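> pasting the sequence and the predicted model now:
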Amino acid sequence: SYVWGMMYLTAGDLTLQGCMATNCHVKTTNGSIVGVNGGKSVTIEDCEFQDIGSEMSAESGDNYSGVIHVNSGSDASVIVRRTRFRQGPNCHSRLGGFSAIQASAGLTFEDCEFYDFQSGNGWAGLFYFQGASAKLSMTGCVVSNATVKTNGGAFGVNATSANIVLNDCHFMDCRCLNQADSAKGGLVYVAAGTCMIAMTNCVCEVVGDFDGAQSYNGGQININNVSGVNTSIDRCVFRGCRALNAGAAIFSKQTSGSLTVRNTLFTGCDITKQTSGAVCIYTDGTSDVKIENCTFADNLPHGSNSLLSPLSPKSANAKNYVKNCVFWNNRDKAGEGTLRVVSEPKYAEFENCVADVSGLTGVTLISTSPFKDAANGDYTLPKKVDGAPNPCLGAGVKLDWMTADSLDLAGNPRLRGNDLIDLGCYEFFRKS
């Protein structure tokens, strides 16, 4: 097809169930499987689509949507369940390798798989947001090898507003391919509009050796020179994430907005080139930064000088809080020394944390690993360490978000009868 692919929906609703299609290409733009124009409803269940996408040259032009295109109108609905998608080897939409959302629409994906989607010299290997009030929800999905040359390996936001909710998802080898400073956000890139991003119980990891192909800033998440983006990350894992300059996991630079990271593990992250950018989290101007009950362990940056870089002056409108966190065996310069926890201590406030490096108010020095088996990637907390009580057990402070329903990274309750709070992303499982 030249445009609009297999199906173009301008009236009525569409349901696909139990279908399989292969070698479905669109020559230029607007979705190889379905285009949605206006407030229509599309439901896809238990299907498989192989070798799909746009064949248009990805170097220039407004080439949108390799698979599903939401064009205009309002309140369009796309619901996809238990379906596998794989982009064709010669397909590469410039704006949204899978979908471009140019309308007020709601897209829901449950238990779906996405493989090998790419956007060429453009934005967003999977989803490109351009319209107002677009909403994307993904639950129980797997995304592997979503790539882009420049901005947003999986998600790119260039819209007046957007909501992205990701639950129980696994993102593997999502990355930028350029090594220039134009490459931003291996997973998510936000460059315009107010936005809400919520990630819960997700894994973001880079497992392949891609010979330096990575983001310049924000190996996974890049919020770049905007305002009003509120990001919440809870019970997630950032493993093996890389960036050239700053924020191998998260880079947030905005004049207002918030970043909250809780119950999350950062391990194996790397800054490969520069010496000033934080290896895990870099913030500049973000009004409200909270890093709570997180574990930072075995990060080995080659070019960074700290784990965290909060550059916003601590004031009534710019607060950087780090509470109940564990910092252990994070090495600098390829293992030559212990990495600093924070680049500018005066801009961050620590409370009830432990680390193997001294010199920070609110951080207790520890000399022995508090983890069960860190050498094999097990960062849970044993009751004792070298015969002595584990210094992380019961050493935390109860925070306002901790309720009877609050969980740690393993899905165990944060609160028990005695309200003892452990440090890091895991609670020690006490018998009741």
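Everything's here; your move.

> isn't residue 206 right next to residue 171, touching?
No: here residue 206 lies out of contact with residue 171, judged by CB atoms under 8 Å, at a distance of 9.4 Å. Yep, even glycine has a C-beta here, placed from its N, CA and C like the rest.

> and those two? Which one has more around it.
More crowded of residue 206 and residue 171, by other CB atoms under 10 Å: residue 171, with 29 against 26.

> show me what contacts the more buried one?
For residue 171, the contact set (CB atoms under 8 Å, 6 or more residues apart in numbering) comprises 143, 146, 154, 187, 202-205, 220.

> list just the nearest of those residues to residue 132.
In terms of CB to CB, no member of those lies closer to residue 132 than residue 154, at 21.1 Å.

> now do the contacts for that closest one.
Contacts of residue 154 (CB under 8 Å, 6+ apart): 117, 124-127, 143, 146, 171, 174, 187-188.

> average model confidence for stretch 342-353?
Throughout stretch 342-353, pLDDT has a mean value of 84.

> where's the dip in pLDDT among the contacts of residue 154?
Lowest confidence among the contacts of residue 154: residue 124, with 74.

> now that one. Nearest residue, chain neighbours left out?
residue 156 (3.3 Å; CB to CB, 6 or more residues apart in numbering).

> same thing with residue 217?
Taking CB to CB, 6+ apart, and ignoring the residues beside it in sequence, residue 217 has residue 251 as its nearest neighbour in space, at 4.5 Å.

> again, but for residue 332
Going by CB to CB, 6+ apart, residue 332 has residue 339 as its nearest residue, at 4.3 Å.

> out of the contacts of residue 154, which is most surrounded?
Most crowded among the contacts of residue 154, counting by other CB under 10 Å, is residue 125 at 37 neighbours.

> and what about that one, helix, strand or coil?
Secondary structure for residue 125, judged by DSSP: H, G, I helix; E, B strand; the rest coil, is coil.

> for it, give me its contacts.
97-98, 117-119, 146-148, 152-154, 174.

> and the pLDDT at the residue with the largest distance to the centre of the chain?
Relative to the centre of the chain, the most outlying C-alpha is that of residue 387, 38.1 Å out, by CA atoms, centre = their mean. Looking at residue 387, its pLDDT stands at 91.

> how close does it get to residue 374?
18 Å (CB to CB, to the nearest Å).

> same deal with residue 260?
Distance from residue 260 to residue 374, by CB to CB: 26 Å.

> same question, residue 264
From residue 264 to residue 374 the distance is 17 Å (CB to CB).

> more crowded one of these two?
In this view residue 264 and residue 374 are compared by other CB under 10 Å, and residue 264 has more residues nearby, 28 against 17.

> how about the backbone phi and psi for the more buried one?
phi -120, psi 140 (degrees, to the nearest 10).
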